[in-house]
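Engineer: Have a look at this prediction, sequence included:
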There are 2 protein chains.
Amino acid sequence: MSAYESLLERLSELGHLGHAAALLGWDQQCYMPAGGALARANAMGAMGKLLHERFTDEATGSLLAQAEAEGAEEGSDRALTLRAVRRDYDKSVKLPTALVASLARETALGHEVWVKARQDNDFAHFSPTLEKLLDLSRQVADHLGHGGCRYDALLDQYEPGATTEQVATVFAEVRDGLLPLMEIIREGEQVDNSCLKRGFDEANQLAFTEYVAKKLGFDFNHGRQDKAVHPFCQGLHRTDVRITTRVETNWLPCALMGTIHEAGHGMYEQGFDPKDDDTPLSGAASLAFHESQSRLWENVIGRSRTFWNVFYPGLQRYFPGVLSDIDIHQFYRAINHVEPSLVRVEADEVTYCLHIFLRFELEQELVAGTLAVKDLPDAWNAKMQSYLGITPPSDSLGCLQDVHWSGGMFGYFPTYALGTMLSAQLFEKALTSQPGLEGALTRGDYAPLLEWLRENVHRPGRRYLPGELTERICGEPLSAKPFIRYLHNKYREIYFAERRQRKRIL
Amino acid sequence: MSAYESLLERLSELGHLGHAAALLGWDQQCYMPAGGALARANAMGAMGKLLHERFTDEATGSLLAQAEAEGAEEGSDRALTLRAVRRDYDKSVKLPTALVASLARETALGHEVWVKARQDNDFAHFSPTLEKLLDLSRQVADHLGHGGCRYDALLDQYEPGATTEQVATVFAEVRDGLLPLMEIIREGEQVDNSCLKRGFDEANQLAFTEYVAKKLGFDFNHGRQDKAVHPFCQGLHRTDVRITTRVETNWLPCALMGTIHEAGHGMYEQGFDPKDDDTPLSGAASLAFHESQSRLWENVIGRSRTFWNVFYPGLQRYFPGVLSDIDIHQFYRAINHVEPSLVRVEADEVTYCLHIFLRFELEQELVAGTLAVKDLPDAWNAKMQSYLGITPPSDSLGCLQDVHWSGGMFGYFPTYALGTMLSAQLFEKALTSQPGLEGALTRGDYAPLLEWLRENVHRPGRRYLPGELTERICGEPLSAKPFIRYLHNKYREIYFAERRQRKRIL
């Protein structure tokens, strides 16, 4: 057996153990009884420690060096595999196992603390946890190394190659494109979305979301959907991908758009190349790429006119009588209603990124220590006022709303906006390179789009860095322009077509 | 830190990893999508291998030897801990890691094969798996060592200290007590249990089973109930115990008695001493002890007249109108209906053990190789005819009915009958040593019984070998007599009180 083969075998074994670790996380959020939290934290800590120890073991390093010495043809899967492992290994060995184990355990405990704090609107209950996790994250950043900006090191964990400065630049470009659009929308004919707040039976919502996810291409033989307080997608393996959703009987988009979003993540995980199973190439290129998939299906597809032409009759069938007075035009406008709101995951496509910019700025200050944890609620509220013109009535709807910080995930949020931009860029490319795509979508045939994504995004897996992959697919780096173009085209039509129509009626 | 403390720390870490491994098994049977089976088998194999490797590592052996050298006061927890670890360690090091990993992986795969074979009534589909698992089990027996009878070694894995010969002797005693009772029952007034086959709404069944489990003392803050094709109990930790049930809308006892049975297992797991958490003393004394708890709650309590005096009004409330023409006397007789039947888990208290005797005999022959796998269906059917006077119409209702052999668990079945005997012996002891117990049960107060079990069975955990523990609690070894006495008293009353009553009416 060559060193390369031995290395792959070792990493495949680690992948199997990672499957067990991932299941602990899924179960924690879906089914674990409350009283099991401490034991679960211990189990997650032990698995995190084990995986880190085994991966950073001298045996891995030595096999890797030998495999590199065996050589590999440039651009071959072998070369790309070795490059990916080298990158992961060099990064991982910088982190002491004790720190990794602490993080795994403290975040498992932190989750419960945050759940309670959010439930009770009690930021003070969460702040010691946040202090501790920030401290651990700063240690992580220092171990990983950086040129003076710790946030760079944290960001790089989720989006390899991205820097704080680059992200700030592209975010500024998005903001500059959004502000005039928001002005236009404010002047346009307002949208009535009250039909989404009618009573939608929970069981029917779950059935309809599964029906939609299946139609789009999520494979329920290799995945499932459960309910969770905070929707997420957890791939245990390409062949076992778990998505979750949250149902509100008086707010249809919560479960429906949530499921489409998570199904987008799930189809990415199910779409890795089967021949890469249990190898280092099986996985997402980056979190921005992951989010590009969820946002593409949720928004670019799931809030499109062609999508609702296909699904609206089904929606009406699943909820007999509830929407019988609403025509598809009204429904399409309702599902695309734009309004500054408090909660990121419920935000519309236009204002969504503003929620990210706010977090991006606050995270930098928290990590740098220029913002004290105790001052976070005020800082949050001030930024909400300045970006969105509203102030949260409670911290639960403010700085406690998201799960990420309780998981020690600082530097993660920017990938949501980067992925959102990327979703528009990828879709624009798909349309120009696949002439029949638009017709297929009109017919409700999602297979050609999914296959294009499979070929260009999913099957390449971890072969390329996100920047490289964007260049390979789109022939240019990540850009804010397609996203801004997409929003302007779509929302000018929605808000001004209506005004024209109204004028005609008058 | 003393070697003893280091040893405990090492084993506690292993316990945390075991939690992750256990969750893989629970999820496999409750929620895993079918297409995830192979990846799951790999994950279970990797975890099984890891746990065995770490436990049998020279580092464990050396710490154990040092800890033993440090000494411990006889009978102290420290001494009992060292004894338990020494026993586990000496047994585990005999098994090569490759064999343990093979078993973990093959049984995970075997589960899916068996599910399909049973579903399709296709024994031939399952027989290669059975061959392979028998072969691996024979290897296990040979590595563990035995005095010529491999089955002894397998049995000892589940019931430390038990031998094939002892088990055969005590089983003969039970059989000799059962046969005259069955004769009596055949002559008695027959019982009509058709009321249990009426339509019972699934959601209400689940709600009622949870209500009963809670009343008996199963703690839903530290556990939960889910549906599974084959009901089981899986403790991930004392604070996170999972039970499962199966619902048939036209057969009330399936879910109800199944839940009470699994809740009995679950209360044992929840009842280990909190101060033993994450130590080698936290665990069941043996599988017979485990089964004594499930059978005690399911049968001795759950099929008793006092139990139904308490719960029958609630049952009628949960299923409005369904049982309004059935009085409690009729219901009590129905739930205690005795009749030879095909499926072990559905068998009544009187004929149950016959199902075990049959498996005990067939397993010995399969392991010894005197019965070929291909001849198993015929051998099974012949024994069913001889023990119970009926012949299965299909292998699905015959030799494919149980999950155990697909899990490589040869030597496990006898513990069901041993536990059943023990349940009667323990209950007899509880009644004589707790004068107020009978009154409490009459009032529907299960706390005193649970507390007696906690003190005598649960909290001792793995301190004593099953034989020692039986002696400590009952002042005598395991005996068939209390079980035979219990059955004779109960069923003579049921079958002859009715005859007397009938005569009076005539």
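Structural biologist: Arrived safely, thanks for sending. From a predicted model like this one, the values you see are computed outputs, not experimental measurements.

Engineer: which outside residues touch the helix or strand harbouring A:Glu438?
Structural biologist: A:Glu438 belongs to helix A:437-442 when assigned by DSSP states H and E. Residues external to helix A:437-442 that are found in contact with it (Cβ atoms under 8 Å, 6 or more residues apart in numbering or on different chains): A:301, A:304, A:306-307, A:309, A:430-431, A:446-449, A:452. Using the backbone N, CA and C atoms, a C-beta is placed for each residue, glycine as well.

Engineer: Swap in 6 Å and give it another go.
Structural biologist: A:306, A:430-431, A:448 (Cβ atoms under 6 Å, 6 or more residues apart in numbering or on different chains).

Engineer: go on, stretch A:213-221?
Structural biologist: For stretch A:213-221, using Cβ under 6 Å, 6+ apart, the contacting residues are A:259, A:263, A:266-267, A:270, A:446, A:450, B:33-35.

Engineer: Mind checking which of the residues you listed are buried?
Structural biologist: Taking 16 or more other Cβ atoms under 10 Å in any protein chain shown as the criterion, what is buried in the contacts of stretch A:213-221 is A:259, A:263, A:266-267, A:270, A:446, A:450, B:33, B:35.

Engineer: tally of neighbours for A:Ala368?
Structural biologist: A:Ala368 sits with 12 neighbouring residues when counted by other Cβ atoms under 10 Å in any protein chain shown.

Engineer: ok, now which ones touch it?
Structural biologist: Contact criterion Cβ under 6 Å, 6+ apart gives no residues in contact with A:Ala368.

Engineer: Give me the buried positions along the helix ranked longest in chain A.
Structural biologist: Criterion DSSP state H: the longest helix present in chain A is helix A:3-30. For helix A:3-30, the neighbour count (16+ other Cβ under 10 Å) marks A:3-4, A:7-8, A:10-30 as buried.

Engineer: immediately after that helix, which helix or strand?
Structural biologist: Under the assignment DSSP H and E, the closest C-terminal helix or strand after helix A:3-30 is helix A:37-56.

Engineer: what's in contact with that following helix?
Structural biologist: The contact list for helix A:37-56, computed with Cβ under 6 Å, 6+ apart, reads A:14, A:21, A:24, A:28, A:32, A:92-93, A:97, A:100-101, A:104-105, A:108-109, A:112, B:13, B:16-17, B:19-20, B:237, B:239-240.

Engineer: Alpha carbons of that helix, as CSV, please.
Structural biologist: Presented in CSV, the C-alpha positions along helix A:37-56 are these (Å, rounded to 0.1, in the frame of the first residue of the first chain):
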residue,chain,number,x,y,z
ALA,A,37,-27.4,18.4,28.0
LEU,A,38,-24.4,18.0,30.3
ALA,A,39,-23.7,14.4,29.2
ARG,A,40,-24.1,15.5,25.6
ALA,A,41,-21.6,18.4,26.1
ASN,A,42,-19.2,15.8,27.5
ALA,A,43,-19.7,13.5,24.5
MET,A,44,-19.3,16.3,22.0
GLY,A,45,-16.2,17.5,23.8
ALA,A,46,-14.7,14.0,23.8
MET,A,47,-15.5,13.5,20.1
GLY,A,48,-14.1,16.9,19.2
LYS,A,49,-10.9,16.2,21.1
LEU,A,50,-10.6,12.7,19.6
LEU,A,51,-11.0,13.9,16.0
HIS,A,52,-8.6,16.7,16.4
GLU,A,53,-6.0,14.5,18.2
ARG,A,54,-6.2,11.8,15.5
PHE,A,55,-6.1,14.2,12.6
THR,A,56,-3.1,16.2,14.0
